[in-house]
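Student: pasting the sequence and the predicted model now:
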Amino acid sequence: MLRHILSSIATGVFWIVLATAPAPLRAQTGPAVQSDTLRMVDAVAAARAANPAVQASRLRAEAEQERVSPAGALPDPVLELGLLNRPFDGFGTDERMTMNVIGLKQAFPWPGNQGFSEEGREHAARAAQLDAAEVEAQVVARTRAVHARLAYLDRAIAITADTRSMLRDFLEVAETRYASGAGVQQDVLQAQVAIGRTTADLAGMEQERVATAARLNALMGRPAGDPIPAVDLPPPGGEALPLDSLMVLAQSGRPALAAAQERALAAEARYRAAGRASYPDFELRVAYGQRPQYTDMGSIALGVSLPIWGGSKDKPLQRAAAADQAEQDARALELHYDTYARLGELRAADERARTLEEIYRVQILPQAEAAVESAFAAYQVGSVDYATLLDARLTVNRYAIDRVRLAAERLQATAEIDALTRSSMGGDR
């Protein structure tokens, strides 16, 4: 009689545990339940404001901009002070050629040479500004991706913790049934193994969260150990644009592609300047000579450089400039192809995750939930064993975690697509 009562109680407790087990999909892709959360848009804003790489790239762009005007400026004039034609015997001033001289000398490059130098610096400065925009775009993309990973881990940890709690309740049920003689010891052992395995999985996820939070702190320009509360997981959004449309956006919007073109233009300006290296430079000199005992004198002179070493100096520089121009053109083309290929990879990854997430939502998870209900009904009448029921319940939780992971993967792919196309830089989905 007592055995029958204990068995009935265990069965009733088992049903209550199963019926009240937390739904693993509840709010899995929505904002975290906690009020103290780190939204993706806030993480992006912090990264833009404090990320060291973003700040360094902006300072580098400012430095390049300051180098533009000096490239087009004339060389500094030279002031000359001298004593001319002083006799050694007495150092007097009674000689007609003795004078005190003050002069000014100014060099003038061949017309147009400075313009090419300044033009090259202008293109380099614009390239540095675009590089800063590209660094910011990539930092934003990484911040959004790491934030999505952290949000996935928060939800995976919550699902796994709920699963472990449920397994502990199952263990109590199995122990009660075993004590009453209605169950077998194998059920108890299987429940204990499942709890141990789930605890190990939970510990690994928690440690990964620590590492991921440290990475997010680094992107936001904060100490790695700063605490990060639960983070939100925005919905991934709809289907990505076709690949050709994405590439059109990248061609017109990606800063790195525009920067590569600016570097090619800067190299072209340097090549044109190198082609004029054999043109002579000029030097104008004016001087005033004071003769203490005679009439003062003035002088003016024009000097012209003689490029007699052009074959050994100027020609190699021209060939080097031509090679540099060809290199920059090749790098721009390489970046174009790499961007196209990367967009193809990201779009495929987004499409794969979107398709799988839909399959999980519409087919796999409902079928898995139905399998749990069927297994429980069969377990009640002794048609299946405890292991079958336990495996069915764990499978539902595993699929729930997979669905959240797919949502995070879509956010990560979208973040990089946005960085390459400049279609969205705020992370404010």
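Tutor: Yep, it's here.

Student: could you export stretch 149-165 as CSV, CA atoms only?
Tutor: C-alpha atoms of stretch 149-165 as CSV (Å, rounded to 0.1, in the frame of the first residue of the first chain):
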residue,chain,number,x,y,z
ARG,A,149,27.4,36.6,-28.9
LEU,A,150,27.1,37.8,-25.3
ALA,A,151,23.4,38.0,-25.6
TYR,A,152,23.3,34.4,-27.0
LEU,A,153,25.4,33.3,-24.0
ASP,A,154,23.1,34.9,-21.5
ARG,A,155,20.1,33.1,-23.0
ALA,A,156,22.0,29.8,-23.4
ILE,A,157,23.1,30.0,-19.7
ALA,A,158,19.5,30.7,-18.6
ILE,A,159,18.1,27.8,-20.7
THR,A,160,20.8,25.5,-19.4
ALA,A,161,20.3,26.6,-15.8
ASP,A,162,16.6,25.9,-16.1
THR,A,163,17.4,22.6,-17.6
ARG,A,164,19.6,21.6,-14.7
SER,A,165,16.9,22.7,-12.3
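
Student: how far does it sit from its chain's centre?
Tutor: 26 Å (C-alpha atoms, centre = their mean, to the nearest Å).

Student: which residues are contacting that stretch?
Tutor: Contact with stretch 149-165 is made by 21-22, 24, 28, 32, 195, 198-199, 201-202, 205-206, 208-209, 212-213, 216, 228, 230-233, 393-394, 397, 400-401, 404-405, 407-408, 412, as judged by C-beta atoms under 8 Å, 6 or more residues apart in numbering. Just so you know, the C-beta spots here come from the backbone N, C-alpha and C atoms, and that holds for glycine as well.

Student: quick one: the strands in this protein?
Tutor: Counting by DSSP state E, the chain has strands at residues 78-84, 99-108, 282-290, 297-304.

Student: redo those strands as CSV? Include distance to Leu333.
Tutor: Shown next, in CSV, are these (distance: least, C-beta to C-beta, whole Å):
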stretch, distance to Leu333
strand 78-84, 46
strand 99-108, 39
strand 282-290, 41
strand 297-304, 42
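
Student: make a markdown table out of those strands and add mean neighbour count and mean pLDDT.
Tutor: As requested, these are exported to a markdown table (neighbours: other C-beta atoms under 10 Å; pLDDT from 0 to 100):
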| stretch | mean neighbour count | mean pLDDT |
| --- | --- | --- |
| strand 78-84 | 11 | 90 |
| strand 99-108 | 16 | 91 |
| strand 282-290 | 16 | 92 |
| strand 297-304 | 11 | 92 |
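
Student: for Glu357, which of these is the nearest?
Tutor: strand 99-108 (69.2 Å; C-beta to C-beta).

Student: hey, C-alpha coordinates of the closest one in PDB?
Tutor: Output of strand 99-108 as PDB, limited to C-alpha atoms (Å, rounded to 0.1, in the frame of the first residue of the first chain):
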ATOM      1  CA  MET A  99      81.900  95.800 -47.900                       C
ATOM      2  CA  ASN A 100      79.400  94.600 -45.300                       C
ATOM      3  CA  VAL A 101      76.800  92.400 -47.000                       C
ATOM      4  CA  ILE A 102      73.300  91.500 -46.100                       C
ATOM      5  CA  GLY A 103      71.400  89.200 -48.600                       C
ATOM      6  CA  LEU A 104      68.400  87.100 -49.100                       C
ATOM      7  CA  LYS A 105      68.200  83.900 -51.100                       C
ATOM      8  CA  GLN A 106      65.000  82.100 -52.100                       C
ATOM      9  CA  ALA A 107      64.600  78.800 -54.000                       C
ATOM     10  CA  PHE A 108      61.800  78.200 -56.500                       C
END
